[in-house]
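1. structure of the sequence below:
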Amino acid sequence: QVQLVESGGGLVQAGGSLQLSCKASGGIVVSNSMAWHRQAPGKERELVGGITNGAGANYVDSVKGRFIISMDRTKNTMYLQMHGLKPEDTAVYYCNADVMFTRNRNLMTSNFWGQGTQVTVSS
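-> Model prediction:
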């Protein structure tokens, strides 16, 4: 069964840095694209940025120049380096991925979400 597991969240002071990881597992053949989303209290979930197989990463304007998305395809793991964190970056961060995987000897593609990891930035 395909799973996305995020890790690396925590509490950090404004101006600090954190690195999140998202590992995909469960018969993964290839992760075609992966993305980070976040949801702050009382707000809708929003896209932070993403990375596509064979292409570079893209970011929402509010994090450009501060966040870096990368992927280690050998480990099916995506990373989010966050620098210059601001209190408004406080949110639950979710990993999302379009993956190709095997199930019962069949090749399938689908979209999956992780369970989320909390990032809290204190002022």
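
2. can you classify residue 62 as helix, strand or coil?
-> Counting by DSSP: H, G, I helix; E, B strand; the rest coil, the backbone at residue 62 sits in helix.

3. return the residues in contact with it.
-> residue 88 (CB atoms under 8 Å, 6 or more residues apart in numbering). Glycine gets a C-beta too; all of them are placed from N, C-alpha and C.

4. what about 7 Å?
-> Residues counted as contacts of residue 62 (CB atoms under 7 Å, 6 or more residues apart in numbering): none.

5. likewise residue 38?
-> 46, 48, 91-94 are the contacts of residue 38 under CB under 7 Å, 6+ apart.

6. put the buried members of those residues into a PyMOL selection.
-> In PyMOL, a selection of the buried entries from those looks like this (16 or more other CB atoms under 10 Å):
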select buried, resi 48+91+92+93+94
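
7. redo the contacts of residue 38 as a markdown table? Include distance to residue 123.
-> A markdown table is the format used below for these (distance: CB to CB, whole Å):
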| residue | distance to residue 123 |
| --- | --- |
| 46 | 21 |
| 48 | 20 |
| 91 | 15 |
| 92 | 19 |
| 93 | 19 |
| 94 | 24 |
